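>>> Show me how the following folds:
(2 chains)
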Amino acid sequence: MYTPAQWPDDTGAAAPKRAAGNGAPSQPVDLGAAGTRQVVRDHWLRRLRLQRRLHDGASLQISALVPRLGVVRKRLSDDEEGVRLSIDDLQDQLHTVLQELREVSREIYPPLLDQAGLGPALCEFADRVAVPVYVVAPAERFGPEVEGAVYFAVTQCLSLLEAGGSPVEVVLRHDGEGLVVSLDGVPGRHAVQVLSQVQGLGGQVSVAEAPGSGRITVRIPCE
Amino acid sequence: MRVALAEDGALFREGLLMLLEAAGHEVVGSTADGDALVELLDTERADVAILDIRMPPGPDGGLVTAERLRALHADMGLLFLSHYAESHYLMRILQIGTESIGYRLKEKVGSVDVLSDTLARIEAGEIVIEPVLAKRLVEHPRGEKKGAVESLSPRELDVLRLMAEGRSNNGIAAQLFVTPKAVEKHIASIFGKLQLPEDATEHHRRVLAVLTYLRAQRDED
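You can find the predicted model right below:
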């Protein structure tokens, strides 16, 4: 870990030299591959914690209000139809709020990815996109940072595809040195979205372009 | 009805207990985890057990517990109440059983009427699936049977979606504003297009029709 005093001077060339006191030349500091990976890992762990907190806190508290309102509704006398309708409306609104929180959770770190891994989470996402997507994935788990990065790399890419397009095949496999993800039927121009998610983990992206189709392959080192 | 409940969130558990009692059901016991529920049902009899999916033991302890309960008490209905309606969990639930079983969102069984209706349908042997999930599955068929599913007319898809929600012919007829006779005709056509065995019972073929959508996905796991 670096203390603030060790951070590289990022104030630019015009800034006064701080090292003037002892005369030593200023050296740029590099996190290195392992350090960068740790930063990325911390980022995904933070997202995972936020998602879990949203579920265990606000979401559960709001869900618990719904049956309580149902109890109040049951206690009303026959001539209080207006109040009954108001309670139905309130319950519907709580459902809408919970759906919104579920959407936010999915965007932070999908609960199913946390609970069940890449295969189930990508299959579930495939149910929600306009293009047919076939997913082949091992049951193996790869840790929150690799799973998070791959999930968002793949889903952001799939979201860019136009409705009614040809089917896409997403195949994940562990080849001993790392996780290899191939996206068959995805144009190579979407590789930038993929790279932006995985490069912090040392991921490499390659493209094979064919007329009317394409393939993006991602390789992320992991144990 | 005699009901047992396992849910690790104390607030929701208390709320649901109050609602079950307000609905006139007898709650034979409530626990904060699956193992305690299995132990409770060793001595108490229940018509339906209500389980949270995400609770101890383990990340999806509700499913593990339900498998044990199905093996120990084959006649007892199982209702999963979850914060998420995901097809991944539905597949696993249907592997536990395709009769007297249900999967609904926690906040969608918040009235005496809906809760009692859900429990009664499960006790009567039906599958009850959260409508939003049934709809998503029917609209996104995948895998080997995809071609067969795509050959269904829009009306037949409506009927199949309502079947996937566990509705009876009369229930489907009421929803679609058609006669039960018309529904029967649609269902016969669906069975034909999906090439379901003719010697199976009506209920069995209904379940098969619903599972046709789901099987491909399960095969991919």
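
>>> The residue lying closest to A:I108 once chain neighbours are set aside: what secondary structure?
Excluding the flanking residues, the one nearest A:I108 by C-beta to C-beta, 6 or more residues apart in numbering or on different chains is A:Q51, at 4.6 Å. No exception for glycine: its C-beta is placed from N, CA and C like everyone else's. A:Q51 falls in the helix class when you classify it by DSSP: H, G, I helix; E, B strand; the rest coil.

>>> What of the one 10 residues further on?
Counting by three-state DSSP, the backbone at A:Q61 sits in helix.

>>> Look up how far B:L133 lies from it.
Look at A:Q61 and B:L133: by C-beta to C-beta, to the nearest Å, they are 24 Å apart.

>>> can you pull the contacts of the residue nearest to B:V48 when sequence neighbours are not counted?
Excluding its sequence neighbours, the residue lying closest to B:V48 (C-beta to C-beta, 6+ apart) is B:G77, at 3.8 Å. The contact partners of B:G77, by C-beta atoms under 8 Å, 6 or more residues apart in numbering or on different chains, come to B:D47, B:V48, B:A49, B:S100, B:I101, B:G102, B:L119, B:I122, B:E123.

>>> doesn't A:F125 fall inside a helix?
Yes - if the criterion is three-state DSSP, then A:F125 is within a helix.

>>> Against A:E100, how distant is A:D92?
Per C-beta to C-beta, A:D92 is found 13 Å from A:E100.

>>> and what of A:A191?
Per C-beta to C-beta, A:A191 is found 32 Å from A:E100.

>>> Comparing these two, which residue is more hemmed in?
Per other C-beta atoms under 10 Å in any protein chain shown, whichever of A:A191 and A:E100 has more neighbours is A:A191, with 20 against 10.

>>> pLDDT score assigned to that one?
Per-residue pLDDT puts A:A191 at 92.

>>> Low-confidence stretches in chain A?
Scanning chain A with the threshold set as pLDDT under 70 gives A:1-22, A:212.

>>> Can you pull the residues of it lying near chain B?
With C-beta under 8 Å from any C-beta of the partner chain as the criterion, chain A comes near chain B at residues A:55, A:59-71, A:73-75, A:88, A:91, A:94-95, A:98, A:102, A:111-112, A:115-116, A:119-120, A:123-124, A:126-128, A:132, A:134-136, A:139.

>>> when you check the residues you listed against the helices, which ones overlap?
Here DSSP state H is the test, and the residues of chain A next to chain B give A:60-71, A:73-75, A:88, A:91, A:94-95, A:98, A:102, A:111-112, A:115-116, A:119-120, A:123-124, A:126 as lying in helices.

>>> Buried among these? Need that as a selection in PyMOL.
Buried members of these, defined by 16 or more other C-beta atoms under 10 Å in any protein chain shown, are picked up in PyMOL with:
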select buried, chain A and resi 60+62+63+64+65+66+67+68+69+70+71+73+74+91+94+95+98+102+111+112+115+116+119+120+123+124+126
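
>>> Show me the strands in chain B, by range?
Taking DSSP state E as the test, the strands found in chain B are B:2-6, B:26-31, B:48-52, B:77-82, B:101-105, B:127-129.

>>> can you list the ones you listed in JSON lines and add distance to A:H43 and mean pLDDT?
Below are these laid out as JSON lines (distance: least, C-beta to C-beta, whole Å; pLDDT from 0 to 100):
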{"stretch": "strand B:2-6", "distance to A:H43": "36", "mean pLDDT": "98"}
{"stretch": "strand B:26-31", "distance to A:H43": "38", "mean pLDDT": "98"}
{"stretch": "strand B:48-52", "distance to A:H43": "30", "mean pLDDT": "98"}
{"stretch": "strand B:77-82", "distance to A:H43": "28", "mean pLDDT": "97"}
{"stretch": "strand B:101-105", "distance to A:H43": "31", "mean pLDDT": "95"}
{"stretch": "strand B:127-129", "distance to A:H43": "37", "mean pLDDT": "87"}
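
>>> looking at those strands, which is buried most?
Ranked by mean neighbour count, those are led by strand B:48-52 with a mean of 26 (mean count of other C-beta atoms under 10 Å in any protein chain shown).

>>> So what touches that strand?
The contact list for strand B:48-52 (C-beta under 8 Å, 6+ apart) reads B:1-9, B:16, B:34, B:37, B:41, B:62, B:65-66, B:69, B:76-82, B:100, B:119, B:122-123.

>>> List the contacts of stretch A:72-86.
Contact partners of stretch A:72-86, identified using C-beta under 8 Å, 6+ apart, comprise A:I87, A:D88, B:L19, B:A22, B:A23, B:S111, B:V112.
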